[in-house]
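>>> coords below, sequence missing:
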């Protein structure tokens, strides 16, 4: 329960911010840090979530080693009118754990020299996460976004019958790979936030709990909450906040809809994004109850950023980005600093409380 003194120190959700990954391109304003951050600021965004694989935005290795470079990077963003909300290693995190069935498809996430070399590719990915931990600390960031990767995704549906112990062995190995990375993030004072996402071994609350058990409830193993993925899985995203709010340290504001038909449902029938029942949508065009989400996150004193992640198969990206900042701003809640019924407050003392309860007779 939040006390009045706690309410006075909690300042609310930060934002709006925008994840830059989906907007990078070859033409201005999407082809340099200066121009894309200025574009974001002009749309009303206060923060930018920065993917770390594109050298036009950040030199991750230099950021890990040079405070001067990190200060300069923050200064360039501030000059444009935004600040860095978090860094992202989604693609590198994916490569920490890859089932052989997906080796060829995920090779494109790694440098060309490592393609076809899964052992070397994984070592590179782990190094990337280590660099990101140090860079986040130098940039003064509290949280970092990533994917868990997946050793077990081909077996998500229990047919053919899974051998006894297969899932346990998979999570044991996943934990072995991530535990040293989590320890490094702990040393740097940064929360590592796994986006709960289909295609990852951590794709819902049950799989996240398995992972938590496997890493001994590591304090840095936390959650990037994105309700759109829960809509597509038909999972209770509001109940998820109630259950896991202590581990939610990042928030992607992304909309989605689920329109089942007589021909396909959650699995999507191998259809493309326009045709499948579960589709990502621009903010306000889907089914996510963002008023309830912002209320719950405020109730549990989430103090991280509200970050637009734009993905929509129907609306143009420029329109989605322009609509995103005011949409998020409308849902931001200024936390109450007093109780609404303080006007009727009464004097109190232990003696009076006992008298009211009839205990002094």
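Nice, thanks for sending it over. These numbers were taken from a predicted model, which means no experiment stands behind them.
>>> mind showing which ranges of this protein have poor pLDDT?
1-8, 361 (pLDDT under 70).
>>> which residues in the stretch 151-300 of the chain form strands?
Assigned by DSSP state E, counting those that start in this stretch, the stretch 151-300 of the chain shows strands spanning 191-195, 221-225, 248-253, 255-258, 278-281.
>>> so what's the residue nearest to the spatial centre of the chain bridging to?
Nearest residue to the geometric centre of the chain (CA atoms, centre = their mean): residue 224, 2.6 Å. Taking DSSP bridges as the rule, residue 224 bridges to residue 195, residue 250.
>>> for it, what are its contacts?
Residue 224 makes contact with 145, 193, 194, 195, 196, 249, 250, 251, 252, according to CB atoms under 8 Å, 6 or more residues apart in numbering. (C-beta placed from N, C-alpha, C; glycine too.)
>>> correct me if wrong: residue 18 contacts residue 51.
No: Residue 18 is not in contact with residue 51 according to CB atoms under 8 Å; the separation is 11.8 Å.
>>> the more surrounded of these two?
residue 18 (32 against 20; other CB atoms under 10 Å).
>>> show residues contacting the helix or strand harbouring the more buried one.
Residue 18 is part of strand 14-19 when elements are defined by DSSP states H and E. Residues from elsewhere that reach strand 14-19 (CB under 8 Å, 6+ apart): 40, 43-49, 51, 82, 85, 88, 252-253, 303-310, 321, 324-325, 328-329, 332.
>>> what do you get if the cut-off is 7 Å, keeping everything else the same?
With CB atoms under 7 Å, 6 or more residues apart in numbering as the test, strand 14-19 has contacts from 40, 44-49, 85, 252, 304-309, 321, 324-325, 328-329, 332.
>>> stretch 300-310 now?
2, 10-11, 13-19, 22, 47, 49, 85-86, 143, 226, 241, 245, 248-254, 282-283, 317, 320-321, 324, 328.
>>> of these, select the buried ones using a PyMOL command.
The PyMOL selection below is limited to those of these classed as buried (16 or more other CB atoms under 10 Å):
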select buried, resi 10+13+14+15+16+17+18+19+22+47+49+85+86+143+226+241+245+248+249+250+251+252+253+254+282+283+320+321+324+328
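>>> hang on, the earlier thing: what about the contacts of strand 14-19, which are in helices?
40, 321, 324, 325, 328, 329 (DSSP state H).
>>> now the fifth one, nearest residue through space, not along the chain?
On the basis of CB to CB, 6 or more residues apart in numbering, the spatially nearest residue to residue 328 that is not a chain neighbour turns out to be residue 16, at 3.6 Å.
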